[in-house]
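Peer 1: sequence below, structure please.
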Amino acid sequence: MAKPKNLEQLRAEKEQVETQLAQEQHYCDLHWSKAGVGKLTGQYGKSASLKADVPLG
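Peer 2: Model prediction:
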């Protein structure tokens, strides 16, 4: 069984995951803006689903 992670390791891992998520969201925002759709936000400020007739490729 793997050794349990300490609090410092968990915080570092959380920071890395949050940074990666922010980068991926930024990439998606750029992709949608290039497609001419713009950014929509949902109830909690997260990206919402956009029009289905917009090609993703």
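Peer 1: burial measure for Gln25, as a count.
Peer 2: Using other CB atoms under 10 Å, Gln25 has 13 other residues around it. The way it works is simple: take the backbone N, C-alpha and C, and place the C-beta from them, glycine included.
Peer 1: what's the answer for the one 5 residues further on, then?
Peer 2: Per other CB under 10 Å, the neighbour tally for Leu30 reads 11.
Peer 1: what helices or strands is the helix or strand that contains it leaning on?
Peer 2: If you go by DSSP states H and E, Leu30 is part of helix 7-34. For helix 7-34, there is no helix or strand it packs on, judged by 3 or more CB pairs under 8 Å, 6 or more residues apart in numbering; DSSP states H and E.
Peer 1: pull out the buried residues from that helix.
Peer 2: Within helix 7-34, the residues scored as buried using 16 or more other CB atoms under 10 Å are Trp32.
Peer 1: what average pLDDT does that helix get?
Peer 2: Regarding helix 7-34, the rounded mean pLDDT is 90.
Peer 1: any idea how far Ser33 lies from His26?
Peer 2: Separation of Ser33 from His26 (CB to CB, to the nearest Å) stands at 11 Å.
Peer 1: and Gln20, by the same measure?
Peer 2: Separation of Gln20 from His26 (CB to CB) stands at 11 Å.
Peer 1: ditto for Pro4
Peer 2: Between Pro4 and His26 the distance, using CB to CB, works out to 33 Å.
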